[in-house]
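Peer 1: Sequence first, then the predicted structure:
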Protein chains: 2
Amino acid sequence: MAAVAEATTGWWLLLVLSAAELAVAHHPQPPNIVLLLMDDMGWGDLGVNGEPSRETPNLDRMAAEGMLFPNFYSANPLCSPSRAALLTGRLPIRNGFYTSSAHARNAYTPQEIVGGIPDSEHLLPELLKEAGYTSKIVGKWHLGHRPQFHPLRHGFDEWFGSPNCHFGPYDNRAKPNIPVYRDWEMVGRFYEEFPINLKTGEANLTQLYLQEALDFIERQHTRQRPFFLYWAIDATHAPVYASRPFLGTSQRGRYGDAIREIDDSVGKILSHLRGLGLEKNTLVFFTSDNGAALISAPEQGGSNGPFLCGKQTTFEGGMREPAIAWWPGHIAAGQVSHQLGSIMDLFTTSLSLAGLKPPSDRVIDGLDLLPTMLQGQIMDRPIFYYRGNTLMAVTLGQHKAHFWTWTNSWEEFRQGINFCPGQNVSGVTTHTQEEHTELPLIFHLGRDPGERFPLSFASAEYQDVLDRTTQVVRQHQEALVPGQPQLNVCNQAVMNWAPPGCEKLGKCLTPPESVPEKCSWPH
Amino acid sequence: MAAVAEATTGWWLLLVLSAAELAVAHHPQPPNIVLLLMDDMGWGDLGVNGEPSRETPNLDRMAAEGMLFPNFYSANPLCSPSRAALLTGRLPIRNGFYTSSAHARNAYTPQEIVGGIPDSEHLLPELLKEAGYTSKIVGKWHLGHRPQFHPLRHGFDEWFGSPNCHFGPYDNRAKPNIPVYRDWEMVGRFYEEFPINLKTGEANLTQLYLQEALDFIERQHTRQRPFFLYWAIDATHAPVYASRPFLGTSQRGRYGDAIREIDDSVGKILSHLRGLGLEKNTLVFFTSDNGAALISAPEQGGSNGPFLCGKQTTFEGGMREPAIAWWPGHIAAGQVSHQLGSIMDLFTTSLSLAGLKPPSDRVIDGLDLLPTMLQGQIMDRPIFYYRGNTLMAVTLGQHKAHFWTWTNSWEEFRQGINFCPGQNVSGVTTHTQEEHTELPLIFHLGRDPGERFPLSFASAEYQDVLDRTTQVVRQHQEALVPGQPQLNVCNQAVMNWAPPGCEKLGKCLTPPESVPEKCSWPH
């Protein structure tokens, strides 16, 4: 098995090496890297991807000045695993961001989670240090909130943001409000020092996050040091919010207000880079962590355009993401690439830009996309769709094969929890976990991006795809060494009762008794 | 009632008059008009509207150089009534392109139809003659195929194309193949002189139609006379076709091949106008007759993007259309207008461009869109969604109210005829005709373009919309004088047995006995 793993990673490493050399040759001063990661924003939320209200002029311009990737995927239909994959370049099943407590269950990092990013994983900012980068995370971390998982222990130099989602408000008795950190210490909590008005949707967090980004860029520019900015904002995650100047301005309601503020902010970040003369030395990449949360639509959820279902599912709506690369003078303007891209590629591509090699002692799932961005190359590669510990589907070229189909349980569905509102593809959007490992459901995503018309089992096309798919999946599964699952155990005692710095603010709370228990992951 | 009709049309006429004066003032030589009307092409088929394969670079460029209308509607979810509405500026219920033989039934002009465009209707090319225009229709006419309905009897000066859809092949015994006309006479039939290979999808018709367009433009340019070109091609109507150089080139299969050839052709038409120096004196408008025919998907049907259902329905997928206006030097580049537009507006806008007034003795439903195109004005106006003789829905601003919901009958649906594949909105995509005239289902199309989440009857928003809707609908219905229905009677004897010119080709067939009967319109 180890030999197979070697063989599997071999050609990727070759690609990575050659691209890294290329990067070094072209850019003796390594370029800055800005990753703009959205939260629950859908593929269909951008004007350039056909959102009918067309309220993203800055993002649309970014695409017109750069490269649009219509076939770009997250590594998971849920926030935490997707973010862990981005920062490690590895599938959640490898980096531990999954649960093994039930079959095909989505798990993440709520306050009661015990696990988080293992020390054995090498995160992008940690590796970028070798090339002299200073790294900052602005916004949501989501890779664990206990002290050992702190982003500054995993390579980031600065942080302004929160460890978990901005859910709440809580009463600080059964559950504490989520802390907001500046670097090592908390500086307040959501709904307290950092208010979010659930009734009006008003919060100025995106403005704070924008200012943090602009300041960081300016400081690093002054220092003349390469930087990595990971701008992981969360205004489009329910409860969605926007600051006062944007509230009520969208044709799309409150969710649209959040989008408009984000679009405006992206425009300001790009302008700032231009203003400082950094645009030709900064790769900016815009994407999202998973599909739009259709359970929160229409007021608090976005759009997955023509794709099937949303967040929590391994249909296209759950994992195909808006994606734009921008690097004036390097990436030619107005391009569309049909490269199958993955959020994990941002890891490998960033290392390549920095002239670094990815770790050679482990499987890295991300590809270096520089040959795509700079020379328009298309590389053959599979996209794997996992839900927890289960490989649900794979895409090869234009074909997607589903080995398991599931939306959520009948029990949840009957309670009104619907990941596919208004959509129903018989035998596909199932409410029981349906196994198709022997005879997968296969769709042609070019002719049928909405996954509505499975290929006939009797067709030659089906047989050809089945043969190729089977081989790729067998290789993948034979070489796979799952990481220690991090998302199995929950404990009320690990919640954000007394984060570092709480004593200075007089905001330390007393944790309850420690009672570790199996987390409940209903879907 | 007449007084109400006067009052209703009054303000439109005022608008029309002022814009017409404006047009005359700005363009002493009336501009040429090119309407590019697609057949069953969906809103979501254009890259600029988010089609993931992004295979319409010429249309996307046309939008970037002109004005994109994301909220543009056909007048009916079916070909013939939509085309009759375009050329008369009037709803099908007024111009007679409907059936009264059953409630809410879609009717069109197959070979056995007895009716067609009444002489009492004034068609756009007929009116444009007063301003010296020469008019040509290339492609599908569809307003009746009996001699009295011939397009050259209704204002066109030239024709190359067919009176009905390119269905077939037929055996010329039970049914004749559809003729292709040049001007007054047929020059052959589909599947005979004008082959369509149903197996491979090969046909060179789009190339013929392109050449006809280019030649006509060049001839009129030489004559220095204003022209109206109505390019009503049909490659995206099932059975879809493309010429050999385009076959197999699309990521989207055969339907995509047809789109690619059309996109290429549109690029050539715009280049030709530029090459002749006509671009600043020619308004080009691109749209489609109804939504994509999802019953033919995925091989032979297109995409309605994020919208609900398709052709045959009065959901957005059935009637919202791709729409681009292009007039360099007049329409500023890169604009998006959220004006609610209608295919009927092309009638009024064209007259305005020509410095003409629309007929004052009848209700005209089309608005003059020049103030929108030239000055970005947004005009308040309703969009009415009819199915046959029944007002199914109305849109006012961002709100759409459904008075009747229906997709098709259970009987048809059980036979596999599905106008909403993969989509199912409970209580909305119904298979019985459901009346909601007292309490319409209301959607906010900005927040919910997919019509998945009806507003709560108890909300203040609902009540406000209901009040405004009720008033607009009452006015509309009180003033409405339905035209004589043209699509009630069918007769095998009226089929294209012996079109004019058949004798020269030796292609006259003997009609069967005349037996008029009620047409069957199942949905």
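Peer 2: Cool, got the structure. It should be emphasised that the depicted structure is a prediction, and the values quoted were computed from it without experimental measurement.
Peer 1: So A:V394 sits against A:V472, correct?
Peer 2: Yes - in this structure, A:V394 is within contact of A:V472 by CB atoms under 8 Å, at 6.5 Å. C-beta: built from backbone N, CA, C; applies to glycine.
Peer 1: Mutual contacts of the two, please.
Peer 2: Here A:V394 and A:V472 share the contacting residues A:P382, scored by CB atoms under 8 Å, 6 or more residues apart in numbering or on different chains.
Peer 1: give me the number of residues near the residue in chain A positioned nearest to chain B?
Peer 2: Per CB to the nearest CB, A:G50 is where chain A lies closest to chain B, at 1.9 Å. Other residues near A:G50 come to 26 when the count uses other CB atoms under 10 Å in any protein chain shown.
Peer 1: For A:V394 and A:V472, indicate the residue with more neighbours.
Peer 2: Applying other CB under 10 Å to A:V394 and A:V472 shows that A:V394 carries more neighbours, namely 22 against 16.
Peer 1: helices or strands up against the helix or strand containing that one?
Peer 2: Assigned by DSSP states H and E, A:V394 falls within strand A:390-396. Here strand A:390-396 touches strand A:382-387, strand A:399-402, strand A:404-405, helix A:460-479, going by 3 or more CB pairs under 8 Å, 6 or more residues apart in numbering or on different chains; DSSP states H and E.
Peer 1: got the angle for the first one vs helix A:460-479?
Peer 2: Translated: strand A:382-387. Strand A:382-387 and helix A:460-479 meet at an angle of 70 degrees, taking axes from the mean of the first three to the mean of the last three CA atoms, to 10 degrees as the criterion.
Peer 1: what's the distance between strand A:382-387 and the middle of its chain?
Peer 2: Chain-centre distance of strand A:382-387: 14 Å, with CA atoms, centre = their mean, to the nearest Å.
Peer 1: and it, what does it pack onto?
Peer 2: Contact partners of strand A:382-387 among helices and strands, from 3+ CB pairs under 8 Å, 6+ apart: strand A:390-396, helix A:460-479.
Peer 1: hmm, try it at 10 Å
Peer 2: Helices and strands touching strand A:382-387, by 3 or more CB pairs under 10 Å, 6 or more residues apart in numbering or on different chains; DSSP states H and E, are strand A:72-73, helix A:79-88, helix A:92-95, helix A:316-319, strand A:341-342, strand A:390-396, strand A:399-402, helix A:460-479.
Peer 1: can you give me the angle that strand makes with strand A:390-396?
Peer 2: Going by the same axes, to 10 degrees, strand A:382-387 makes 160 degrees with strand A:390-396.
Peer 1: residues in contact with A:W326?
Peer 2: Listed by CB atoms under 10 Å, 6 or more residues apart in numbering or on different chains, the contact set of A:W326 reads A:34, A:36, A:59, A:61-67, A:266, A:270, A:273, A:279, A:282-286, A:333, A:373.
Peer 1: The nearest residue to A:D289 once chain neighbours are set aside: neighbour count?
Peer 2: Nearest residue to A:D289, sequence neighbours excluded (CB to CB, 6 or more residues apart in numbering or on different chains): A:S82, at 4.3 Å. Counted with other CB under 10 Å, residues neighbouring A:S82 total 27.
Peer 1: do A:R474 as well
Peer 2: A:R474 has 11 neighbours, counted by other CB under 10 Å.
Peer 1: Repeat that for A:R219.
Peer 2: Neighbours around A:R219, by other CB under 10 Å: 14.
Peer 1: Make sure it is indeed in a helix.
Peer 2: Yes - counting by DSSP: H, G, I helix; E, B strand; the rest coil, A:R219 is located in a helix.
Peer 1: Could you double-check that it lies in contact with A:A213?
Peer 2: No - A:R219 is not in contact with A:A213 according to CB atoms under 10 Å; the separation is 11.1 Å.
Peer 1: Pull up the overlap in contacts between these two.
Peer 2: A:K136.
Peer 1: What does the pLDDT read for the residue of chain A closest to chain B?
Peer 2: According to the prediction, A:G50 has pLDDT 98.
Peer 1: Regarding the residue lying closest to it once chain neighbours are set aside, what are the backbone dihedral angles?
Peer 2: Spatially, and ignoring its direct neighbours in sequence, A:G50 is nearest to B:G50 (1.9 Å; CB to CB, 6+ apart). For B:G50, the backbone dihedrals (degrees, to the nearest 10) come out as phi 100, psi 10.
Peer 1: thought B:G50 was touching A:G42?
Peer 2: No - using CB under 10 Å, B:G50 and A:G42 do not qualify as a contacting pair, with a distance of 11.3 Å.
Peer 1: Quick check: neighbours shared by those two?
Peer 2: Residues touching both B:G50 and A:G42 (CB under 10 Å, 6+ apart) are A:N49, A:E51, A:S303, A:G305, B:P306.
Peer 1: Can I get the residues you listed in a markdown table including distance to B:A107 and neighbour count?
Peer 2: Shown next, in a markdown table, are the shared contacts of B:G50 and A:G42 (distance: CB to CB, whole Å; neighbours: other CB atoms under 10 Å in any protein chain shown):
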| residue | distance to B:A107 | neighbour count |
| --- | --- | --- |
| A:N49 | 36 | 31 |
| A:E51 | 35 | 29 |
| A:S303 | 34 | 34 |
| A:G305 | 33 | 30 |
| B:P306 | 29 | 25 |
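Peer 1: Could you give the backbone dihedrals for the residue nearest to A:H237 when sequence neighbours are not counted?
Peer 2: The spatially closest residue to A:H237, leaving aside those adjacent along the chain, is A:D39, at 4.0 Å (CB to CB, 6+ apart). Backbone dihedrals for A:D39, given as degrees, to the nearest 10, come out at phi -120, psi 110.
Peer 1: which ones are touching A:D39?
Peer 2: By CB under 10 Å, 6+ apart, the contact set of A:D39 is A:79, A:82-83, A:139-140, A:142, A:165-166, A:232-238, A:240, A:258, A:262, A:288-290, A:293.
Peer 1: separation between it and B:P306?
Peer 2: 21 Å (CB to CB, to the nearest Å).
Peer 1: The contacts of A:W326: which ones sit near chain B?
Peer 2: Within the set of those, contact with chain B (CB under 10 Å from any CB of the partner chain) is found for A:R61, A:A64.
Peer 1: Could I have the PyMOL command that selects the buried members from the contacts of A:W326?
Peer 2: Entered in PyMOL, the line below selects the buried ones among those, by 16 or more other CB atoms under 10 Å in any protein chain shown:
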select buried, chain A and resi 34+36+59+61+62+63+64+65+66+67+266+270+273+279+282+283+284+285+286+373
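Peer 1: among the contacts of A:W326, which are in helices?
Peer 2: Mapping those onto helices (DSSP state H) picks out A:L59, A:R61, A:M62, A:A63, A:A64, A:E65, A:V266, A:L270, A:L273, A:M373.
Peer 1: Looking at per-residue confidence, what score does the second one get?
Peer 2: What that stands for is A:R61. Per-residue pLDDT puts A:R61 at 98.
Peer 1: ok, for it, nearest residue in space, not its chain neighbours?
Peer 2: Nearest residue to A:R61 in three dimensions, chain neighbours excluded: A:G267, at 7.5 Å (CB to CB, 6+ apart).
Peer 1: Wasn't A:R189 part of a helix?
Peer 2: No - looking at A:R189 with three-state DSSP, it is strand, so not inside a helix.
Peer 1: Columns mean pLDDT on top of the helices and strands packed on strand A:390-396, output as TSV?
Peer 2: Formatted as TSV, the helices and strands packed on strand A:390-396 follow (pLDDT from 0 to 100):
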stretch	mean pLDDT
strand A:382-387	98
strand A:399-402	98
strand A:404-405	98
helix A:460-479	98
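Peer 1: Adding distance to A:Q486, write those out as CSV.
Peer 2: Below are the helices and strands packed on strand A:390-396 laid out as CSV (distance: least, CB to CB, whole Å):
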stretch, distance to A:Q486
strand A:382-387, 14
strand A:399-402, 26
strand A:404-405, 22
helix A:460-479, 21
